[in-house]
Structures are given as C-alpha cells and as structure tokens.
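Novice: The sequence and its predicted three-dimensional model are supplied below.
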Amino acid sequence: MRLRVMKRVTALLVLLAVGLACSGDKTQSPTVVASTPVIGIYVDEGAAEACVTAARNMFQWMGYPTVMIDAADIGSGALDSLSLVYFPGGWAGPYQDSLGDERGRRLRQFIEAGGAYVGVCAGGFLATRGYFWIDDQESTRNLLGIFPGRAAGPVDSIVPPPGIDMCRLDLAGEAHAITRGLPDTAWILYYTGPHFWPDSDLPIDTLATYSATGQVAIATCEYGQGRVCVIGPHPEWEEDSDRDSNSYFDDHDDRGSDWPLMKRITRWCLREL
C-alpha cells in the first residue's frame, strides 16, 4: 500500500490543542485539523507504560495530536494518517519480535516517503543496524536500519545497570538548527540507554554527547525523504514537574525541562524548523 504522508501545517494554520487522557487506551479518536501533523506513539509489547504517558503529555504540551498504535496497526495501514512515529523507552527485544520483517519494511517505507521517526532508549536501539546490550553479542534481528550506525548500552561510566541517575549532555549549539540558541548543556534522566556511532559514510548530525564519555547521546539523520532522531537518555520525563503525569524519578533534579529540546527535535523531524 502506498504510504501517504500528511501535509505539513502552513504558517496560517493554528495547531489544534487536543485534550488527551494519560492512559494507554488506544480507542481515543481525536478530532484534528486535516493538515495538522499527527504523532503515532507505539504502545505494543516492550513499550514502558510510564514512558508512553510522559511522551503523550509532552506532545500534547507541544500542540500535536497523538494516537496510540501497535504492531497490528502498522501492518494494517495506520501509518497512512501519521506524520511521525515515536517509539518510547522500554525493551528493544519485544519491539523486534512484534514488528518482524514486513512491519519493519512498512515503517521504512513510511519514513523513506517523507515520514519521521523519533526513538528514545529502546526506540533508539531499534532504529540502528545493530546494537550491543551489556556483554551480549550484536543483535541485528528485525532492526529498522534507518540510522546508519550502531548502538551500545548501558554506558557504565554514567551509572552501572540497573542504576538510574541524571546525566549531563553537551549540546551542539550553533552547529545545528535544533540546538541553536539553547544552553550548552542539559541534564537528562539516564536509564540504561545507548550511545551511538556511525558505521558508514552516510551523514549523521550529533546533537548531544554524554559529558562523561564524549560518546553520542542524541543524533539525527535523513532517511530517503524522511527524518530520524535517536536518543539515548529520557528527555520525556519531567523530574521537577508533575505535568508528565508520573511521579517516577521525581527525587531527581533535571535542572530545567527537556521538553523545549524535544519540541525542536519534533519540529525538525516534521520539517517545521
């Protein structure tokens, strides 16, 4: 089935704010302006419910309507009505199992035709051509391969697994439109996520590196006509606020919200920035 990527919102169109509950219920059918980008959040096996809830609140804050999708939806044409697919933190293995070859192919076609992909932690692992988890052999099974490189995690020098802590990132600053004008550093929750590296001559842009190691923490690339962003830590969490509708990790201090950075990433992926 040919994928149809929704038209970008024009400067004269006001984004519709849609009130969404924060459960994992997929039955919501928000009424949206036809040309408003719609974001599909993956909620199938492997997706951590708390990460889904935080992301849903984050995109609502940005002004984008969201729908919850699973592997069956991807296989049955749900991508046709989406502009961006978001894979949250959780477990990459179940993502790989549930997608398989055919659904992965549909995702790649969606992005290649102009769609967008953002993957956080497990979603970042999934986007690569191969990844290493702890001391295991490289996993390449049913990965999307939309990021021209590989990943490895956890980053023990930040916090050994299964530890959770804030980590400092050094941002790219004026070198990229996403980080231009933002502070030089950010503190983002780290929970056994990956670092990334390219394995080909295809270009990637590094948005942030882990201050502790200098390894890539956030990167973007083009895939066909579409755009991709992979993220190792968890910027969807608001440790100093309850607007993410989660109390997890509220004893940590993120020294300011990471949502403005994520809004810029989202807008860049949608070619609005």
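Specialist: Yes, it's here. Numbers count the residues shown, from 1 in each chain.
Novice: Kindly check the end-to-end length of stretch 172-190 for me.
Specialist: Terminal residues of stretch 172-190 lie 19 Å apart, using C-alpha to C-alpha, to the nearest Å.
Novice: repeat for stretch 149-159
Specialist: Taking C-alpha to C-alpha, the first and last residues of stretch 149-159 lie 24 Å apart.
Novice: Give me the contact list for it.
Specialist: Contact with stretch 149-159 is made by 124-125, 128-134, 138, 160-161, 165, 167, 190, 192-200, 204, 210, 212-213, 215, 219, 230, 232, as judged by C-beta atoms under 8 Å, 6 or more residues apart in numbering. For glycine as for every other residue, the C-beta is placed from the backbone atoms N, C-alpha and C.
Novice: Among those residues, the buried ones, what's the PyMOL command?
Specialist: Typed into PyMOL, the line below selects the buried ones among the contacts of stretch 149-159, using 16 or more other C-beta atoms under 10 Å:
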select buried, resi 124+125+128+129+130+131+133+167+190+192+193+194+195+196+198+204+210+215+219+230+232
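Novice: Narrow the contacts of stretch 149-159 to those in helices?
Specialist: Assignment to helices by DSSP state H places the following of the contacts of stretch 149-159 there: 124, 125.
Novice: Please, where are all the helices along the stretch 51-200 of the chain?
Specialist: Assigned by DSSP state H, counting those that start in this stretch, the stretch 51-200 of the chain shows helices spanning 71-75, 92-112, 122-127.
Novice: Name the surrounding residues that touch the last one.
Specialist: With C-beta under 8 Å, 6+ apart as the test, helix 122-127 has contacts from 42, 46-47, 86-92, 95-96, 99, 117, 119, 131, 133, 143-147, 151, 153, 193-194, 196, 228, 230-232.
Novice: Noted, bye for now.
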